[in-house]
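1. give the three-dimensional model of this entry:
(chains A and B)
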Number of protein chains: 2
Amino acid sequence: MAPVRTLTIAGSDSGGGAGIQADLKTFTSLGTYGLTVITALTAQNTLGVDAIEAVSPAFVRQQLKSVLSDLGADCIKTGMLANKDIINAIADALDETYGAQWPALIVDPVMVSTSGHKLLEDDAIDALKTRLLPHATLVTPNMPEAKILASLDTRDIDGLADEELMQRYCQAIAGAGCDVIVKGGHLKGDIVLDLLFQHEDDSFTRIEHSRIETTSSHGTGCTLSAAICAYYAQTHNVEQSVRSASGYVHRALATAYPMGSGHGPVHHTHSIEHRIVPLPTAQDPFPFTSMLIESCDDLWQRYTRTNAFVRGIQTGKLPVSAFVYFLRQDYLFLLQYARIFLLAIFKSTTLEEMQEAAQTVLNIFREASMHIERCKKWGITEQEFHQTREAFHTVGYTRFVMSESTKGGLLELKLATAPCLIGYGVIGKVLAADPATNTTSNPYLEWIHEYAGEDFQHAVVLGQSSLEKIGRKLVGSTEAFENAKAIFREAVKLEIAFFEQALQEHPEDQEIEHEYVPANCASATRAPQTKLHAVLSTPFMSTSDTFMSGRCSKNASEAFISQTYIMSLCLARCIAMSLSKELSRFDPDVPTLVGHCLGTAASIRQLAQDRGVADVSNAQPSDITSAYCGWLIDIAVSRPRRYIQIAMSLRLQEQEIMSLRKSINRAGQHYPCQGDEEAQQIATHENAARFERAFADQFALC
Amino acid sequence: MAPVRTLTIAGSDSGGGAGIQADLKTFTSLGTYGLTVITALTAQNTLGVDAIEAVSPAFVRQQLKSVLSDLGADCIKTGMLANKDIINAIADALDETYGAQWPALIVDPVMVSTSGHKLLEDDAIDALKTRLLPHATLVTPNMPEAKILASLDTRDIDGLADEELMQRYCQAIAGAGCDVIVKGGHLKGDIVLDLLFQHEDDSFTRIEHSRIETTSSHGTGCTLSAAICAYYAQTHNVEQSVRSASGYVHRALATAYPMGSGHGPVHHTHSIEHRIVPLPTAQDPFPFTSMLIESCDDLWQRYTRTNAFVRGIQTGKLPVSAFVYFLRQDYLFLLQYARIFLLAIFKSTTLEEMQEAAQTVLNIFREASMHIERCKKWGITEQEFHQTREAFHTVGYTRFVMSESTKGGLLELKLATAPCLIGYGVIGKVLAADPATNTTSNPYLEWIHEYAGEDFQHAVVLGQSSLEKIGRKLVGSTEAFENAKAIFREAVKLEIAFFEQALQEHPEDQEIEHEYVPANCASATRAPQTKLHAVLSTPFMSTSDTFMSGRCSKNASEAFISQTYIMSLCLARCIAMSLSKELSRFDPDVPTLVGHCLGTAASIRQLAQDRGVADVSNAQPSDITSAYCGWLIDIAVSRPRRYIQIAMSLRLQEQEIMSLRKSINRAGQHYPCQGDEEAQQIATHENAARFERAFADQFALC
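-> Numbering: from 1, shown residues only, chains lettered A, B, ... in the order given. Presented below is the predicted three-dimensional model:
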């Protein structure tokens, strides 16, 4: 969009708080392009004006002609004009350029500086009144200036109250054919009144602000008229511009930081902030994505380029068993991704956003069926494929994404899913283009070309555009970017772990039973509840005792405390979610339960402090903790309450929250169920036991 | 925080693209406070320099002394210095002020303008080299300037490649004791190379950018040195400052909008944006809240002051029946609010945020028990209280809040709950303070004092602070504020409807059966499924036929189409959520189902377009539609799939999605259940029927 052009014709203040410096800062802060015609130079600071040199009228005129002949102006403001020859030179130049139709003009009739220095010669008042005011949109005197411009007979105004006086000034000055705002800042009282008079409809508008006691008031008048000029150039509405400008100046006074030893400047730039996501350019059309990737440091390179799995794909030397393991896990991964993009439909606002998410669901379904086809070639039947159990890192990664997407909005969902989409796009494209890629005897070439192919690359561009759009809309502060970065970066880390998982040994107890078999009770017969009961009552060996005994290494104990703290927040979250879903009356146990959970978290944090452990609030979850947590949160969000009760029972036992434990132990009795449902509950419990064991094992140094 | 001070000593460019104008725009855009010492005035525009007037050396010196004696500078840059006397005046002033320890100094050795105009007299080069360079932190010549400053013997550099030449220039100039960056922009090639030489560790750093073809390059050199000055004042690191400044200038070139008919300015302000939530001041400590309230126009006043319910509370003339009705509904309202703040615990990041939300849950529990106590005084027993059925507007308001909180993150949750907290605080405070309030025979005085009391007012301040914090963090664009405003405003509207509801007649079919009785199957016996079956198979009179027949008024038909469109998006959302929660395999029906739902929405929108109905994408939900929608979404989020299937069945029937209908009709067979659960499913169906009837009734004009 073409910038709006605002021109100031005024003096220069070396101290930067008034004059064209204040005007340029105001224009910049309010979004207009600033042009200048300098009428005088001053050497000044917050204590006063040390020297003034007026510019020659001919050079003032030359500056004005240079600016107007090429760049033009949507609104002009005048400030310090020094003398009548300069005023005449300005008026001549404007007459020559525009005839009678000057651009919008805001006249700030500067006569005396804040520090008391005279800035306009006495014989210039007439020139101001006859040459400029008839062309002015608005003139902005303070009370002393208004008195001079109005030049009323003292007998007519003797004994008038302030506001009446302001009204009389307004009407007298407006006689020249312009609107007037008389600024009451010099008057006494807690409320500062500025009075706007609009001559065409003969109306007054009172603009009030509470007075701000501050020494940072240098340049207030310049700033107000510059702000009116900037707003008027954008809105063409006097009253609205005056109101906005007045609010801007009020905040500039209220937020000023003291500078210098006299009257410091107002805070011109309070209305702007640093742009977090830069504007896109042809060279960098996706700056938000670039920032996210840059924030990952070498992790991004490791994920897309240097990890052993990707290198194995490139050389073709990746063991087939690892690739098949990867594909089978990726299939389960995609199932969770389909769930997440179904959630994206839910979280969308417009039909278009919904359709975009639905298209992604469709793409995921297609990709999944290709995985099955591909595995058939390696001798895995479709049935075997479907029997795959989720490995820890598959659960960890996908439930992290699900958990961030549920806790947050669409932004968090897009951030958590972006590394997968963008990263596979990069891997495909780079490997396909790299001459070092083995293309003659590489069993994974087809896989590479699939991700390098037009379809997938097109999906990447769409996904990136949509990430950019939402990032530009919602990431407007450093803190918001820090959050965004943390989610993106964690997902990149989990991508790496997911690749590495395929290259490692896979003990069966690190796999998770699939629990989400749709219940079909109609076909089930009532089964004895003994099995579920037996499972739920099996005593689980507590790790807390061991770790809290002091017999463990300091590192292991510290890690144990940090990870237990993270788990305790996760449990509180899960309990809150499950209560939120099913709360049906003001059960007095609820606040107790919630208080207890948070209390446990607080105690663990206190314990950590007492033991001199680094602040647990900043602790990062380990991969296992992250997986355990994500698995629990997903159950709390997606499944009826009894499942999260079963899933949390062992952990709660660990936390020894006896009151909770009691309610959990009742779960089995409360929800007797049949067939499939019982099997699901047993699976949930068994998975919980696997997680609990893995959680303990991670501190194995002890 | 004290502003960082940057001083430019340079010429003035009336066109605003170079000189001190470019420097001030750059300083402002990069967050430093700009000071100026003007060495020369120019009358110029994008076509060239029309005239120059150098300032007297004495006045340059006077400006510098005024600035440094009071304000000081963290980093100084010099630009156009015009002649040797000015250079000597500057050096003298700096020597006098600082002795040998000058502040950081970036020297841009400007000699010729972009348009070819000479800006430094030939005999000034020596002064520059002997008086300024020895004190400079960095000097930033382009190739022609570097050649002059280096003044190497032509025989030594003949035939050198560009980069070697740059290296030689760097080393020669750095002999003065400063770092050097030679800018390669004047050289040919697609990549622009700037070469930085740091003399202390004798190291070169290459800074490359792709070349941007643009005529908007006026002031590039000034802008780069000003940017280096601004970054250096903040970081005190040459390499980092040069890199950041180089990126800033690159983007300023890439995003420039053409201005004037020659070489236009670069885009200085690309790095900033308008601050959406203003800085707080003593007068306005909660600016985000203020903006939200202002955006409600007169709605806020109507909610907190002028509606008949609040006026009745103030005069004491509100009928007791209306007040009791209100209290009973407010009790149910609070139950839903407790659910929402439990969800807030889930959505929180830190323990402190969780504790804050938990405290709110506790407060809500307390407030609810006070409602019961209060009603006892009016002769309502606790049991009667518990039998209250939710009225439409109670469902509508609370489920709207729940639905926004689930779709979005913590911000949306806080926005949707804020009008209740803040508004009741205002009502209590204003009524308690207003002399017009009946305080002698007012049965509602205790109620007023409760909300005016310290406890509640304290909770309001805490809630507002937390809303401010999250608003400042996340509302960083106009679009984000528009979303925020829409949620807040809708909640204010629903508050008004909630008050008004208590003053109206209340036909029983506008009340909703409570469905969330905790299942306790253990005590239930297997019941015959006939009743649920009978309910599900009752034919429901379709309204679509009537409305689509063309026999209705245009207004009614248009409203019908818009509201049906909104409902169709809601159904798609609910189906997506329920699939997301329970997806356990790549069921090929899923994409079909999702596609079908969105297809229906798209068809309705198309139908609306064909009939010339205003864009349905912008249609606002009616109170009934909003309530129906919120109720459905809450069920989709909180309850097992079978409930949302039952809840949607009548609406789907209306939409005549036969494929869906089939799957729904099976629900009864798939989920036979017992006792309470059956009762809940029947209640769900009956509530759906009430909503469906109310949905049709709202178009009753036909």
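2. from now on I want contacts and neighbour counts done on CA atoms only, so please keep to that.
-> Noted.
3. now do the SS call for residue A:427.
-> Using DSSP: H, G, I helix; E, B strand; the rest coil, the three-state assignment for residue A:427 comes out as helix.
4. please apply the same query to the one 10 residues further on.
-> With three-state DSSP as the basis, the three-state label of residue A:437 is coil.
5. same question for the one 3 residues further on.
-> Local secondary structure at residue A:440 is given as coil here, using three-state DSSP.
6. where does it land on pLDDT?
-> Looking at residue A:440, its pLDDT stands at 93.
7. am I right that residue A:193 falls within a strand?
-> Yes - looking at residue A:193 with three-state DSSP, it is inside a strand.
8. you'd agree it is up against residue A:211?
-> No - Residue A:193 is beyond contact range of residue A:211, at 9.3 Å (criterion: C-alpha atoms under 8 Å).
9. these two: which is more packed in?
-> Using other C-alpha atoms under 10 Å in any protein chain shown, the more surrounded residue of residue A:193 and residue A:211 is residue A:193, with 23 against 17.
10. tell me which helix or strand the nearest residue to that one once chain neighbours are set aside sits in.
-> Of all residues not flanking residue A:193 in the chain, residue A:208 sits nearest, at 4.6 Å (C-alpha to C-alpha, 6 or more residues apart in numbering or on different chains). Per DSSP states H and E, residue A:208 falls inside strand A:203-210.
11. same question, residue A:568
-> Element membership for residue A:568, per DSSP H and E: helix A:554-582.
12. before we move on, the earlier item: other SSEs contacting the strand holding residue A:208?
-> On a contact count with 3 or more C-alpha pairs under 8 Å, 6 or more residues apart in numbering or on different chains; DSSP states H and E, strand A:203-210 meets strand A:191-198, helix A:238-254.
13. would CSV of those with mean pLDDT be doable?
-> What follows is the helices and strands packed on strand A:203-210, written out as CSV (pLDDT from 0 to 100):
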stretch, mean pLDDT
strand A:191-198, 95
helix A:238-254, 96
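14. hey, where'd the strands end up in the stretch 351-500 of chain A?
-> Along the stretch 351-500 of chain A, counting by DSSP state E, counting those that start in this stretch, strands occupy A:390-391.
15. can you list the residues of it near chain B?
-> A:351, A:354-355, A:358, A:361-362, A:365, A:406-410, A:472-480 (C-alpha under 8 Å from any C-alpha of the partner chain).
16. quick one: buried ones out of these?
-> For those, a neighbour count by 16 or more other C-alpha atoms under 10 Å in any protein chain shown gives the buried set as A:351, A:354-355, A:358, A:361-362, A:365, A:406-410, A:472-477, A:480.
17. checking my notes, residue A:43 in a strand, right?
-> Yes - counting by three-state DSSP, one finds residue A:43 located in a strand.
18. that one is in contact with residue A:16, isn't it?
-> No - with contact defined as C-alpha under 8 Å, residue A:43 does not count as touching residue A:16 (10.6 Å).
19. overlap in contacts, these two.
-> Common contacts of residue A:43 and residue A:16 (C-alpha atoms under 8 Å, 6 or more residues apart in numbering or on different chains): none found.
20. who's more crowded, these two?
-> residue A:16 (29 against 26).
21. contacts only, for the more buried one.
-> A:22, A:265, B:33-36.
22. cool, and residue A:574?
-> Contacts of residue A:574 (C-alpha under 8 Å, 6+ apart): A:632-633, A:636-637, A:644, B:346.
23. what is the burial count for the closest residue to residue A:317 other than its chain neighbours?
-> Distances taken as C-alpha to C-alpha, 6+ apart put residue A:442 closest to residue A:317, at 7.8 Å, once the chain neighbours are dropped. Residue A:442 has 17 neighbours, counted by other C-alpha under 10 Å.
24. OK, contacts around residue A:442?
-> Contacts of residue A:442 (C-alpha under 8 Å, 6+ apart): A:313-317.
25. okay, now the unreliable bits of the stretch 451-600 of chain A?
-> A:508-509, A:514-552 (pLDDT under 70).
26. try 90 this time
-> When residues are selected by pLDDT under 90, those of the stretch 451-600 of chain A lie in A:476, A:504-565, A:567-569, A:571-600.
27. returning to what we had before: any chance of a markdown table for the helices and strands packed on strand A:203-210, columns distance to residue B:613?
-> Converted to a markdown table, these look like this (distance: least, C-alpha to C-alpha, whole Å):
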| stretch | distance to residue B:613 |
| --- | --- |
| strand A:191-198 | 41 |
| helix A:238-254 | 34 |
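28. can you give me the strands in the stretch 201-350 of chain A?
-> With DSSP E, counting those that start in this stretch as the criterion, the stretch 201-350 of chain A has strands spanning A:203-210, A:272-274.
29. need the residues that contact the longest one.
-> In this case it means strand A:203-210. Counting by C-alpha under 8 Å, 6+ apart, A:167, A:190-198, A:243, A:246, A:250, B:283 sit against strand A:203-210.
30. buried ones among the residues you listed?
-> Judged by 16+ other C-alpha under 10 Å, buried ones among these: A:167, A:192-198, A:243, A:246, A:250.
31. what is the nearest of those residues to chain B?
-> Checking the buried ones among the contacts of strand A:203-210 against chain B by C-alpha to the nearest C-alpha gives residue A:250 as the nearest, at 9.5 Å.
32. for the closest one, list the residues it contacts.
-> Contacts of residue A:250 by C-alpha under 8 Å, 6+ apart are residue A:209.
33. swap the cut-off to 7 Å and go again
-> Going by C-alpha atoms under 7 Å, 6 or more residues apart in numbering or on different chains, residue A:250 touches no other residue.
34. spell out which residues of the stretch 151-300 of chain A are next to chain B.
-> A:254-255, A:257, A:259-261, A:270-275, A:278-279, A:281 (C-alpha under 7 Å from any C-alpha of the partner chain).
35. at 6 Å what do you get?
-> Within the stretch 151-300 of chain A, the positions lying close to chain B (C-alpha under 6 Å from any C-alpha of the partner chain) are A:254, A:260, A:271-275, A:281.
36. next, count neighbours for the closest residue to residue A:512 other than its chain neighbours.
-> Closest residue in space to residue A:512, ignoring its immediate chain neighbours: residue A:390 at 5.1 Å, by C-alpha to C-alpha, 6+ apart. For residue A:390, the neighbour count with other C-alpha under 10 Å is 20.
37. again with residue A:119
-> 21.
38. ok so, going back, widest-spaced pair of the contacts of strand A:203-210?
-> Using C-alpha to C-alpha, the two most remote members of the contacts of strand A:203-210 are A:198 and B:283, lying 28.5 Å apart.
39. check contacts around the residue nearest to the spatial centre of chain A.
-> For chain A, the residue sitting closest to the mean C-alpha position, by C-alpha atoms, centre = their mean, is residue A:475 at 2.2 Å. Listed by C-alpha atoms under 6 Å, 6 or more residues apart in numbering or on different chains, the contact set of residue A:475 reads residue A:481.
40. and for residue A:316?
-> residue A:442.
41. against residue B:576, how distant is it?
-> 40 Å (C-alpha to C-alpha, to the nearest Å).
42. contacts for the strand or helix carrying residue A:600?
-> Element membership for residue A:600, per DSSP H and E: helix A:589-610. With contacts defined as C-alpha under 6 Å, 6+ apart, helix A:589-610 is touched by A:565, A:568, A:572, B:362.
43. nearest spatial neighbour of the third one, chain-adjacent residues omitted?
-> Here the nearest residue to residue A:572 in space, its sequence neighbours aside, is residue A:597; by C-alpha to C-alpha, 6+ apart that works out to 5.4 Å.
44. relative to chain B, how far out is the one you found?
-> With distances taken as C-alpha to the nearest C-alpha, to the nearest Å, residue A:597 is found 10 Å from chain B.
45. mind checking how far residue A:266 is from residue A:139?
-> Taken as C-alpha to C-alpha, the span from residue A:266 to residue A:139 is 21 Å.
46. just the pLDDT for residue A:688.
-> On the pLDDT scale, residue A:688 is placed at 83.
47. please consider this matter closed, and thank you.
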